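**Student:** Next comes the sequence, and after it the predicted model I'd like to discuss.
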Amino acid sequence: MLIRLQLQNLGPSDAIDLNFGERLNLITGDNGLGKSFLLDAAWWSMTRKWPAEINPRLTSGKKALPRHSGDASIGFSFTSKTKKESYTSVYHRRDQAWTGRSGRPANPGMVLYAMADGSFSVWDPARNYWRTQSDVDVQERIPAYVFSPNEVWDGLPGESGNWLCNGLIRDWAAWQGTRGQAFTDLCKVFEVLSPSEDEKLVPGELTRIRLDDARDMPTLRMPYGDEVPVVHASSGMRRIIALAYLLVWCWDEHQKAARLLDEPTTNQVVLLVDEVESHLHPKWQRRIVPALLKVMEALVAGAQVQLLGVTHSPLVMASVEPSFNAETDAWFDMDIEGPPGQLAVAVSRRDFVRRGDASQWLMSPAFDMTSTRSLEAERLLEEAGRLLSQDPVDATKAKNLHARLQAVLGDVDPFWIRWRHIGEKQGWLS
């Protein structure tokens, strides 16, 4: 599990120092402040490779560079199998590389990084971790499995014409055809990650979608009775089934590799998820984080899961209120702070206050909204507030404003109570 991340002269700020919760960590903040970069840095800390270094077809996950002249460093610590590990790496400009302590990364357990564009990165402690013994020539293994969005579905090719992963379509079809443990696990994960009790993610029958595509295509059984090929499913469903598939694929391959190595399987899993609510309906947003925290229980007995999730959703924040524990969980918020001319990005670990509903979260420091209404309504209410502060209120202006308010405010908006009370009392509203 990732314990601490310290960045100097890197990313959105001159200095960032984060102490993570061992279970849930949520990151909020406006666009462009570096939330995704923090996940990139977290991934690098546990695997020692930037995603796009491994798969140059990615458009994100590029190698981080110093933001200014001078030294740049990444410090981090995490729990390995037996102890706490700490490292510091510095950027060597002449080599254009991050350097640090020699030797392989310590073992942080399984790490899965779901990027916002549909790319995924996977680090398996059995398949991607090794040590070179002085008397044994150990062939270097692939440093991680990094998928572009298309490769999640169609397969991840190796450098020598082999296949590192068959991809969602072929693996799902093969698992379903044999009805083995992998397919059972896939169905379990689908059930945990489903949007609601009434809308379960359930595999349908395999089908063919084109004369020129020889693949058996998995389908999803829709609540209205039809079976839809997964490639035609909605963006939200595709996002979730891709995540579900990779979790099952990771665990299935990890078990096989552990048997070959005659080693125990890991029970530690770190999930990095950028924009956890991406493409999801609001009712799904309310369930996704609690589901991610317990999804590995469907695969691994006694699983220890740490989740680092970036979100723009007030529903996601509200959804964790019943289970948020300050001893194991943390909320980090990114803002622009400082006097004019000296503005800088700051990352703060904020106290998690239960606010009751999504609208209150919208107006919290997580999202910095002053109103949950439309911009037009907000501006007219500001105008109305200034008008009502006059004594008496200008009747002509009030009647004109009343007509405009009716066009943007709902009939049951609580503002009407005050407006009508003053208007009827002063006689300009009957």
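**Tutor:** Now that the structure is in, tell me what you want to look at. Predicted model, so just to flag it, every value in this text is computed and none were measured. Numbering: from 1, shown residues only.
**Student:** in stretch 179-198, what counts as buried?
**Tutor:** Neighbour-count burial for stretch 179-198 flags 182-183, 185-195 (criterion: 16 or more other Cβ atoms under 10 Å). Every residue, glycine included, has its C-beta placed from N, CA and C.
**Student:** whoops, I mixed them up, stretch 233-253
**Tutor:** Under the neighbour-count criterion of 16+ other Cβ under 10 Å, stretch 233-253 has 233, 236-253 buried.
**Student:** what does that stretch contact?
**Tutor:** 110, 112, 114, 118, 120, 122, 124, 127, 147, 152-153, 165, 168, 171-172, 181-182, 185-186, 189-190, 193, 195, 201, 220, 230, 273, 278-281, 284, 288, 295-296, 299-300 (Cβ atoms under 8 Å, 6 or more residues apart in numbering).
**Student:** go with 6 Å
**Tutor:** 114, 120, 122, 152, 168, 182, 185-186, 189-190, 193, 220, 278-280, 299 (Cβ atoms under 6 Å, 6 or more residues apart in numbering).
**Student:** Just the CA trace of that stretch, in CSV.
**Tutor:** The C-alpha trace of stretch 233-253 is given here as CSV (Å, rounded to 0.1, in the frame of the first residue of the first chain):
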residue,chain,number,x,y,z
ALA,A,233,-22.8,-1.2,-25.1
SER,A,234,-22.9,2.3,-23.6
SER,A,235,-19.8,4.2,-22.7
GLY,A,236,-20.5,3.7,-19.0
MET,A,237,-21.0,-0.1,-19.4
ARG,A,238,-17.9,-0.4,-21.5
ARG,A,239,-15.8,1.4,-18.9
ILE,A,240,-17.0,-0.9,-16.1
ILE,A,241,-16.8,-4.2,-18.0
ALA,A,242,-13.3,-3.3,-19.1
LEU,A,243,-12.3,-2.7,-15.4
ALA,A,244,-14.1,-5.9,-14.4
TYR,A,245,-12.3,-7.9,-17.1
LEU,A,246,-8.9,-6.6,-16.2
LEU,A,247,-9.4,-7.4,-12.5
VAL,A,248,-10.4,-11.0,-13.3
TRP,A,249,-7.6,-11.3,-15.9
CYS,A,250,-5.0,-10.0,-13.5
TRP,A,251,-6.1,-12.3,-10.7
ASP,A,252,-6.4,-15.4,-13.0
GLU,A,253,-2.9,-14.8,-14.5
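**Student:** can you give me the mean pLDDT across that stretch?
**Tutor:** The average pLDDT within stretch 233-253 is 97.
**Student:** the domain parsing of this structure - what is it?
**Tutor:** When the chain is parsed with automatic domain parsing, its domains come out as 2-130+140-362, 375-426.
**Student:** List the residues that contact Pro51.
**Tutor:** Taking Cβ under 6 Å, 6+ apart as the test, what Pro51 contacts is Leu58, Gly61, Ser121, Val146.
**Student:** sorry, back to before: now the buried residues of stretch 179-198 in TSV, with secondary structure and pLDDT?
**Tutor:** Output for these, formatted as TSV (DSSP: H, G, I helix; E, B strand; the rest coil; pLDDT from 0 to 100):
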residue	secondary structure	pLDDT
Ala182	helix	96
Phe183	helix	97
Asp185	helix	97
Leu186	helix	97
Cys187	helix	97
Lys188	helix	96
Val189	helix	97
Phe190	helix	97
Glu191	helix	96
Val192	helix	96
Leu193	helix	97
Ser194	coil	96
Pro195	coil	94
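**Student:** mind checking the SS state of Glu263?
**Tutor:** Under DSSP: H, G, I helix; E, B strand; the rest coil, Glu263 falls in the coil class.
**Student:** How about Gly29: which residues does it bridge to?
**Tutor:** Met334 (DSSP bridges).
**Student:** ok, it - how many residues close by?
**Tutor:** 26 (other Cβ atoms under 10 Å).
**Student:** for Ala42, same thing?
**Tutor:** 23.
**Student:** that's a strand at it, yeah?
**Tutor:** No: Ala42: not assigned to a strand; according to three-state DSSP it is helix.
**Student:** still on that earlier bit, with distance to Leu343 added, can I get the buried residues of stretch 179-198 in a markdown table?
**Tutor:** A markdown table is the format used below for the buried residues of stretch 179-198 (distance: Cβ to Cβ, whole Å):
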| residue | distance to Leu343 |
| --- | --- |
| Ala182 | 51 |
| Phe183 | 53 |
| Asp185 | 48 |
| Leu186 | 48 |
| Cys187 | 50 |
| Lys188 | 48 |
| Val189 | 43 |
| Phe190 | 45 |
| Glu191 | 47 |
| Val192 | 42 |
| Leu193 | 40 |
| Ser194 | 43 |
| Pro195 | 40 |
